[in-house]
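In: Dropping a prediction and its sequence here:
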Amino acid sequence: MTTPHRHLRKRLLITLAAASVAFAAGAQDKPDDIRLPDLGSSANALITPQEAQDYGAMMLQQMRALDMVVDDPLLDDYINNLGFRLVANSAKPKDHFAFFIAKDPVINAFSAPGGYIGIDSGLIVITRNEDELAAVMAHEIGHITQNHLQRAYESAKKDTPLMALIALGAIAAGGAAGGQAAAATLLGGQGVLMQKEINFTRKDEAEADRTGIETLAKSGYDPNAMAGFFQRMEDEMSADSGGFQVPSLLQDHPVTAERISDAKARAGTLIAAQKLQPSGNLLDKNRWAQQTAPIAYVKDPTTLLPAKRSSGQGPNTYLLMRERVRVLSDDAYRMANYYAGLLGRQDGRYNTPENHYGYALALTRSGQGGKAVAQLQPLLDKSPDNLIIRLAMADARLQAGERGAALDIYAALNTESPRNKAVGVAYANALTFGGSTEQATQAAQLLRPMLEDTDEPSLFTAYARASEKAGDKVRAGEAYAQASYLSGRPFDAMEQLKTLLKRNDLDYYARARIQAHIAELTPLVMELRKRRVSTDDNPDGTSQTQQQFGSGCKGRLCFSMGANGQ
C-alpha cells in the first residue's frame, strides 16, 4: 500500500508542475536566495525542449530513487511499444516521448515535461482491455502535443509567484513530515490557486479528449474507449453506497456528463467516417482475440512481443501484461495467495491463461519455482511460440534449480530476438550467477550493444555484474556508476567514477571514457549542491525553502522537477 505522505507528495508533484519548474528556472544565482522567477514573454522562453526533456528525465530518476517505478524490461517494452504506436498517429510524431509505469495502486496517469508519461499500476490493473489503456495514454499524449504544459507555465505569471514557492515548499515538507505539513501549507492560502488550476485545466481536458480520440482511431483502437472508461469510473463511483473513494483519475481529470457526451459524439463521427473509408485504420474490435501482440511503432522492431505469433488463438498479450503489472507492483506472497484463491473457485470463472500466468510469476518471485512450472506448462503446450510464456518458464525453471533447462530456453529466445532487453537481462543474469568466467564474458557481450539506447538501470546493473565476474573491473565500475545515476543517485555515481579514475591500470580509452562521464555529470552535481538539494546519496543538502518548512529530508529525495497531473 502507498503511504499517505508518499501519495500526497506525488499528487503535489503532479499538480504543481509549473510551480516547481518555474522555481528551478528562476533560482540561478545565489543558492540561498529565493527569487521570484522571471517567466519572460512566452512559455518557450521559460524552458527549451532540451531543458524540458532533462527535467522529465530527472523526475523519472527521482521516482526510481523512491522505488516508485516498475522497472521491468518486459513491461517497459510493452508500454513503450503501445505508446509509440499512438505517438506515430498523434499531432507530433517526431517529438520526444518516453513511457513508464509508476508503482502506485491509485487509478491515474500523468504527463511531465519532455514528453514523459507515467501510467500508475493501479490504472493498468483496473482497465478491461488494451483499448481502455490506450485511451488514457492517448489523452496524456494529447496534453503534450497541444502544449498544455507550456500553457501552464505561461499562466503561472498571472498568479502570485510567491504562491508557487509556497507550493514547492509543501512538496519538500511532505517528503519528510508525513504529508501533514504539506496539507497544512496548501490549506494556508492555496485554495484559490488550486481551484483556479482545476478551472484552467478543464479547457485542456476537452482538447486532450478530442486529439486523443483521433489518435486512438488512427492507431486502430476503438475511439469509444475513452468515453467508455471514464463513464465506467463514474458509474462505479455513483453505484457505491458511500465507501468508494473517488479515483485520482477523476480528481485530476474532472469528468462531466457534457464531457462524456462530447467524447461519444466525437467517436461516433470518426467511426462513421471510417465506415465511408473501408481502407481506414480502424481495426475490428475483436482483433486482440485473434493475435498475441499489438502491431506497434517502435525504434527497434525486434523488440516486439512476442517474437512469433502463435498459431490459432493464443494468450492475450495485454491481459498477460496487466497481470504482470499486478504482481510486480505488490508483495509476491500476497499475490500468490490472491491467485490461488481465484483459481481455486469451483465455478471456474477465473480459470484463465492470464491468471495462471500471474500465479506463476508470484510463485517464482516467492521462491516456488517448481509450482510455477506446473502452472506454465499447460499454457506453453497451447502456445509454444509465445515469448512471454517461454520467458516466464525459463525464470521458473531457473528458480527451481533447473539451470541447464533454463539456459536452453534463454538461448533459444535470444537467437530469435537478439535485441530484446527482457530476454537479454534474464539470460545474462542466468549466465552470470552460478556460471563460469566464460559464461559471464558471454553475458557481458550479450548486453553491451543494448546499453547504447536505454535508460533502464537493470541493464547496466546486469552488465556490471557480468563484467565484474568476467574480470573487467573497469567496465563494471562504469556500468555501476551509470546504474546509480539512472536510479537517482548522481553523487554516488560521481564518487564511483572518481574512484575509477585513480586506478593505475587504465588504458587511454578507458581513462577518456571515464573523464567524459565525469564531465557530463559534473554540471548536474554542481547544480544540486548549489541548490542544496537533498537526495538519498547526499542527505545533507537542504535548500532554504526546505528549511523554511522544517524539512530535514534525510534519506529521501526532496526536490521535485515538475510533472502535470492532467
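Out: Alright, I've got the coordinates.
In: nearest spatial neighbour of Met393, skipping sequence neighbours?
Out: Using CB to CB, 6 or more residues apart in numbering and skipping the chain neighbours, the partner closest in space to Met393 is Leu376 (4.8 Å). For the C-beta atoms, the positions are set from N, CA and C on the backbone; glycine is no exception.
In: Rounded mean pLDDT for the helix or strand harbouring Leu82, please.
Out: Following DSSP states H and E, one finds Leu82 within helix 73-87. The average pLDDT for helix 73-87 rounds to 96.
In: CA atoms only for that helix, dumped as PDB, please.
Out: The C-alpha trace of helix 73-87 is given here as PDB (Å, rounded to 0.1, in the frame of the first residue of the first chain):
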ATOM      1  CA  PRO A  73      12.300  -4.700 -19.300                       C
ATOM      2  CA  LEU A  74       9.300  -6.700 -20.500                       C
ATOM      3  CA  LEU A  75       6.700  -4.200 -19.300                       C
ATOM      4  CA  ASP A  76       8.900  -1.300 -20.400                       C
ATOM      5  CA  ASP A  77       8.900  -2.800 -24.000                       C
ATOM      6  CA  TYR A  78       5.200  -3.300 -23.900                       C
ATOM      7  CA  ILE A  79       4.200   0.100 -22.600                       C
ATOM      8  CA  ASN A  80       6.600   1.900 -24.900                       C
ATOM      9  CA  ASN A  81       5.500  -0.100 -27.900                       C
ATOM     10  CA  LEU A  82       1.900   0.800 -27.200                       C
ATOM     11  CA  GLY A  83       2.900   4.400 -26.500                       C
ATOM     12  CA  PHE A  84       4.900   4.900 -29.700                       C
ATOM     13  CA  ARG A  85       2.100   3.300 -31.700                       C
ATOM     14  CA  LEU A  86      -0.100   6.100 -30.500                       C
ATOM     15  CA  VAL A  87       2.600   8.800 -30.900                       C
END
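In: If you count contacts, what does it end up packed against?
Out: Here helix 73-87 touches strand 98-102, helix 130-145, helix 317-328, helix 421-432, going by 3 or more CB pairs under 8 Å, 6 or more residues apart in numbering; DSSP states H and E.
In: pLDDT weak spots in the stretch 101-250 of the chain?
Out: 150-201, 236-250 (pLDDT under 70).
In: I meant to write the chain there.
Out: Within the chain, the ranges that satisfy pLDDT under 70 run 1-47, 150-201, 236-268, 272-314, 533-535, 539-566.
In: Surely Arg128 is in a strand?
Out: No - under DSSP: H, G, I helix; E, B strand; the rest coil, Arg128 sits outside any strand and is assigned coil.
In: which of the residues in the helix or strand where Leu391 lies are buried?
Out: Applying DSSP H and E as the criterion places Leu391 in helix 387-399. Neighbour-count burial for helix 387-399 flags 387-399 (criterion: 16 or more other CB atoms under 10 Å).
In: Which single one of those is nearest to Val125?
Out: For the buried residues of helix 387-399, the residue nearest Val125 by CB to CB is Ile388; the value is 17.4 Å.
In: so the closest one makes contact with Leu320?
Out: Yes - counting by CB atoms under 8 Å, Ile388 does reach Leu320; the two are 5.3 Å apart.
In: Could I get the contacting residues of Gln482?
Out: Each residue near Gln482 by CB atoms under 8 Å, 6 or more residues apart in numbering is listed here: 460, 493, 517.
In: between these, which is closest to Lys502?
Out: His517 (14.3 Å).
In: where do the strands sit along the protein?
Out: 98-102, 109-112, 116-120 (DSSP state E).
In: Save these as CSV, and put in mean neighbour count too.
Out: Formatted as CSV, the strands of the chain follow (neighbours: other CB atoms under 10 Å):
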stretch, mean neighbour count
strand 98-102, 23
strand 109-112, 28
strand 116-120, 26
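In: out of those, nearest to Met450?
Out: strand 98-102 (16.6 Å).
In: Can you name every helix or strand that the closest one contacts?
Out: Against strand 98-102 (3+ CB pairs under 8 Å, 6+ apart) you get helix 49-65, helix 73-87, strand 116-120, helix 121-126.
In: can you rerun that using 10 Å?
Out: helix 49-65, helix 73-87, strand 109-112, strand 116-120, helix 121-126, helix 130-145, helix 317-328 (3 or more CB pairs under 10 Å, 6 or more residues apart in numbering; DSSP states H and E).
In: With just CA atoms, put the last one into CSV.
Out: Output in CSV follows, covering the C-alpha atoms of helix 317-328 (Å, rounded to 0.1, in the frame of the first residue of the first chain):
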residue,chain,number,x,y,z
THR,A,317,-0.7,-10.1,-24.6
TYR,A,318,-2.5,-7.2,-22.9
LEU,A,319,-4.0,-9.4,-20.3
LEU,A,320,-0.7,-11.1,-19.6
MET,A,321,1.0,-7.7,-19.1
ARG,A,322,-1.8,-6.5,-16.9
GLU,A,323,-1.3,-9.4,-14.5
ARG,A,324,2.5,-8.9,-14.7
VAL,A,325,1.9,-5.3,-13.5
ARG,A,326,-0.3,-6.5,-10.7
VAL,A,327,2.3,-9.0,-9.5
LEU,A,328,5.4,-6.8,-9.8
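In: coming back round to it: using TSV, lay out the contacts of Gln482 together with distance to Ala88.
Out: Formatted as TSV, the contacts of Gln482 follow (distance: CB to CB, whole Å):
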residue	distance to Ala88
Phe460	28
Ala493	34
His517	33
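In: Among those, the buried ones, what's the PyMOL command?
Out: Remark: buried members of those, expressed as a PyMOL selection using 16+ other CB under 10 Å:
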select buried, resi 460+493+517
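In: Helices - which of the contacts of Gln482 land there?
Out: Counted as lying in helices by DSSP state H, out of those, are 460, 493, 517.
In: number of nearby residues for the closest residue in space to the first one that isn't next to it in sequence?
Out: I take that to be Phe460. Distances taken as CB to CB, 6+ apart place Ala483 nearest to Phe460, at 4.0 Å, with adjacent residues excluded. Using other CB atoms under 10 Å, Ala483 is surrounded by 22 other residues.
In: Ala483 contacts Ser458, correct?
Out: Yes - using CB atoms under 10 Å, Ala483 makes contact with Ser458 at a distance of 8.0 Å.
In: Now Ala479. Nearest residue, chain neighbours left out?
Out: That would be Ala464: by CB to CB, 6+ apart, it lies 3.6 Å from Ala479.
In: Assess the claim that the one you found and Ala483 are in contact.
Out: Yes - Ala464 is in contact with Ala483 according to CB under 10 Å; the separation is 6.4 Å.
In: got the contact list for Phe100?
Out: By CB atoms under 10 Å, 6 or more residues apart in numbering, the contact list for Phe100 reads 60, 63-64, 68-71, 75-76, 79-80, 83, 112, 116-119, 455-456.
In: all helices for the stretch 401-550 of the chain, in order.
Out: 403-416, 421-432, 437-447, 457-470, 473-486, 490-501, 508-530, 544-548 (DSSP state H, counting those that start in this stretch).
In: With distance to Ala362 as added columns, please give these in CSV.
Out: CSV is the format used below for these (distance: least, CB to CB, whole Å):
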stretch, distance to Ala362
helix 403-416, 18
helix 421-432, 17
helix 437-447, 27
helix 457-470, 20
helix 473-486, 26
helix 490-501, 32
helix 508-530, 38
helix 544-548, 40
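In: Hmm, Leu413 is touching Ala426, no?
Out: Yes - the criterion here is CB under 10 Å, and Leu413 meets it with Ala426 at 8.4 Å.
In: Name the residues contacting each of the two.
Out: 391, 394, 420.
In: Export those residues as JSON lines, with columns for distance to Tyr509.
Out: JSON lines is the format used below for the shared contacts of Leu413 and Ala426 (distance: CB to CB, whole Å):
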{"residue": "Leu391", "distance to Tyr509": "35"}
{"residue": "Ala394", "distance to Tyr509": "36"}
{"residue": "Asn420", "distance to Tyr509": "29"}
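In: quick revisit: what about the helices and strands packed on helix 73-87, which gets the closest to Arg202?
Out: Per CB to CB, nearest to Arg202 of those: helix 130-145, 12.6 Å.
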